[in-house]
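Visitor: when you get a sec, could you give me coordinates for this:
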Amino acid sequence: MKLEAVSIQNFRSIQDVTLEDCGEFNVIVGKNNAGKSNIILAINAFFKSLNEGKFIILNPPIGELIDYHNYSLEAPISITVFFQLFPDEMDGLIQDIRDESPQAKILIDYIEPELRLAVTVEVINAPDQFAYIQKMVLCKSKSLMTSDKEFVFSILNIYPRDAKKLVKDFSRLAEYDIIDILKSDAIDFASKNTSLPIYAINLIKQISETKVLYLNERRKSIEEFEASELLKFKLRRGEAQKLRTIQDTVSDFLGVDIDVFPTERKILGEDPEAELDVDQSLVQVNGAGIREALRLILDYELNKPDILLVEEPEIHLHPALETNMMRYLKTIGQECQVFITTHSTNFLDTAEMQNVYLASRNNATTIQRINVEEAEQSIPRELGIRLSSLFMFDRLVFVEGVTDEQVFRKWASTCDVNLAQASVGFVPMGGVRNLAHFATEATINFLTKRRVSIHFILDRDEREDAEVQRLSTRPGAQAKLIVLNKRELENYLLSPKAIAQFIQFKHQLVGSKENKVVEIAEIEQAIDTCAEQLKDVAIERRVAKISCPPIRPNRDAVLNSDADISLIDKLKEEYNRQKQQLTQLEQKLETIVQEQTKLVESDWATKKRDLVPGDLLLDKVCQSFGVRFKKEKDSVRLAS
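Guide: Alright, predicted model coming up:
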């Protein structure tokens, strides 16, 4: 199951806020004291309350007077988490309900796969401090349960007065007696009988098994424990690869090398089990920035949580290291859900603004999800600063999009090329159409004066050699422009072995129980077959490039003409010129089609995999095996 949304009421600075549409990497940004940390603290409290799989929690992690909004005990603290259930989880739940509650058949028929599970934990202080699961329901997608119409199937509902009665009994009962107490009409279960549904118990057990790692802003320094854990990897048979993976990760993102050794010297009169070195020096003598960044990486790599909650990961980091830490957190977001709070605009990549939330506070904390159009205006204005990490690198590589950067970084890591140590930064241009904007003489001269090496990397698309040659001279002698030999970056991802592994990964991602091994030969055949199907597309794109040039009215010709005619006549003359251009193109269409078809045919036998659009080819191949390839998300997965 995946966390999709969180709704919080009456907790510290929060009266009522909701984080909607949570994704893999979620950033909560705002000024000091806006209440950012209270949001991830509430998420942590929810899972910590349920980590023993109980419906009644006698010692909740929150619930002191200070935890209540405006110190008022009149309303309980309420935290509702909305989960997306994967297909196999939803199928299992429906089957469990059907087996245990045959009388609920009519309601079961209304349970659709897109419904999400909402679980509400309430915390009460008076007369005794405790928490309990107040509600478990299946509700409509995007629903926040503001009305009863929004939920479809009620799994569990406990009223506060009944919870208080249960708490009195729970405090004096053994664990095995608790189920007997729950056999009560005071509790409303979906099955409408007087016993605790097994499917409700199973759901809470699933949630309790979610591994959550919460790192607050006051993080402990790296100590003997971390060094000892790494040393175990080094010394145990079969676990050395785990240490190498962590070492490679640290090297890629921090630009330093770490190693661990049995101690050879005493520290403060003690004899630690292991010592951790960073670039051949004890970790304790390294700078605060490296220690903080290393602390975060080790916390994740040694714990491998399902959800990672981090307060201000930028603490003690300079801008370039902030950027690398952001890349690391986004990378692990493919394996676990990440929620961070930050003041730093280095964590706000405008190409990936889908899950950035702006926290503000007047009388209470409010949350606004920032969209792409508002990002550059709202966030800097709220923080009082502007984005400014562009010139922290010695080498800048301008690429067409964020996906290109991710793929190049993944390839560099695979080839043991340390971009962090080489101080290489990437600038996504948002497409080749923006090349002129980024490759201006003033920009290149400014960066060159700062001794920044500049490279531009572009897709070949439908360009012929002569056009590539002209394009390569555009930035001038102070920058280098590279045009790919194949049509686009995705054409370099056509590795049958990698595609086979990617297809298996995609099946696992959607919860498929089928574990069919895809043969390399099948992939090879699929690539050739699908490439043939895209032959016409390759020709059409070449024809469209030639036959659809930009034709614009010449404003200067109209305004600066010496002809002694009226303005209307000047405009008509300009329009006629454009019509003539279009007519000439129309007359050449058949010739253009024939020429481009001949060009494609001449190279097709040996270069068809290079000529067709790579993303379309990959998607067609994947569809042959029941999955899809989405360029924005899957290119970096395939590159790994």
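Visitor: the domain parsing of this protein - what is it?
Guide: Domains of the chain are assigned by automatic domain parsing as 2-24+32-210, 216-347, 395-485, 493-639.
Visitor: closest one to residue 358 among those?
Guide: Nearest to residue 358, of all the domains of the chain, is domain 2-24+32-210, at 8.7 Å by Cβ to Cβ. Where C-beta positions appear, they are placed from N, C-alpha and C, glycine not excepted.
Visitor: start to end distance for that closest one?
Guide: 10 Å (Cα to Cα, to the nearest Å).
Visitor: next one: that domain to chain centre, how far?
Guide: 26 Å (Cα atoms, centre = their mean, to the nearest Å).
Visitor: to residue 364, which of the domains of the chain lies closest?
Guide: domain 2-24+32-210 (4.0 Å).
Visitor: related to what we said a few turns ago, need the domains of the chain in TSV with distance to residue 369, mean pLDDT and mean neighbour count, can you?
Guide: Shown next, in TSV, are the domains of the chain (distance: least, Cβ to Cβ, whole Å; pLDDT from 0 to 100; neighbours: other Cβ atoms under 10 Å):
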stretch	distance to residue 369	mean pLDDT	mean neighbour count
domain 2-24+32-210	6	83	17
domain 216-347	14	86	17
domain 395-485	20	85	16
domain 493-639	19	90	15
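Visitor: out of those, which comes closest to residue 366?
Guide: Of all the domains of the chain, domain 2-24+32-210 sits nearest to residue 366, with 6.4 Å by Cβ to Cβ.
Visitor: what's in contact with stretch 496-514?
Guide: Residues outside stretch 496-514 that contact it (Cβ atoms under 8 Å, 6 or more residues apart in numbering) are 86-89, 493, 515-520, 522-524, 527, 618, 621-622, 625-629, 634, 637-639.
Visitor: with only the CA atoms kept, save that stretch in CSV.
Guide: Taking C-alpha atoms only, stretch 496-514 is exported to CSV below (Å, rounded to 0.1, in the frame of the first residue of the first chain):
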residue,chain,number,x,y,z
PRO,A,496,17.6,-6.5,-24.7
LYS,A,497,19.0,-7.6,-21.3
ALA,A,498,18.2,-4.3,-19.6
ILE,A,499,14.7,-4.3,-21.2
ALA,A,500,14.0,-7.8,-20.0
GLN,A,501,14.9,-6.8,-16.4
PHE,A,502,12.8,-3.6,-16.7
ILE,A,503,9.7,-5.6,-17.8
GLN,A,504,10.0,-7.9,-14.8
PHE,A,505,10.4,-4.9,-12.6
LYS,A,506,7.3,-3.2,-14.0
HIS,A,507,5.3,-6.4,-13.4
GLN,A,508,6.4,-6.5,-9.8
LEU,A,509,5.6,-2.8,-9.4
VAL,A,510,1.9,-3.3,-10.2
GLY,A,511,1.7,-6.3,-7.8
SER,A,512,1.6,-9.0,-10.5
LYS,A,513,1.8,-12.4,-9.0
GLU,A,514,3.1,-13.8,-12.3
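Visitor: so residue 91 is in which element?
Guide: In this assignment (DSSP states H and E), residue 91 forms part of helix 87-100.
Visitor: packing partners for that helix?
Guide: helix 105-108, helix 198-208 (3 or more Cβ pairs under 8 Å, 6 or more residues apart in numbering; DSSP states H and E).
Visitor: give me the angle between it and helix 198-208.
Guide: Between helix 87-100 and helix 198-208, the angle comes out at 150 degrees (axes from the mean of the first three to the mean of the last three Cα atoms, to 10 degrees).
Visitor: just the CA atoms of helix 87-100, as PDB, please.
Guide: Only the C-alpha atoms of helix 87-100 are listed here, as PDB (Å, rounded to 0.1, in the frame of the first residue of the first chain):
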ATOM      1  CA  PRO A  87      -4.400  -4.700  -7.000                       C
ATOM      2  CA  ASP A  88      -3.400  -7.800  -5.100                       C
ATOM      3  CA  GLU A  89      -4.000  -6.100  -1.800                       C
ATOM      4  CA  MET A  90      -7.500  -4.900  -2.900                       C
ATOM      5  CA  ASP A  91      -8.300  -8.400  -4.300                       C
ATOM      6  CA  GLY A  92      -7.200 -10.000  -1.000                       C
ATOM      7  CA  LEU A  93      -9.300  -7.600   1.100                       C
ATOM      8  CA  ILE A  94     -12.400  -8.100  -1.000                       C
ATOM      9  CA  GLN A  95     -12.000 -11.900  -0.800                       C
ATOM     10  CA  ASP A  96     -11.500 -11.700   3.000                       C
ATOM     11  CA  ILE A  97     -14.700  -9.600   3.400                       C
ATOM     12  CA  ARG A  98     -16.600 -12.000   1.200                       C
ATOM     13  CA  ASP A  99     -15.500 -15.000   3.100                       C
ATOM     14  CA  GLU A 100     -16.100 -13.500   6.600                       C
END
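Visitor: thanks a lot, see you next time.
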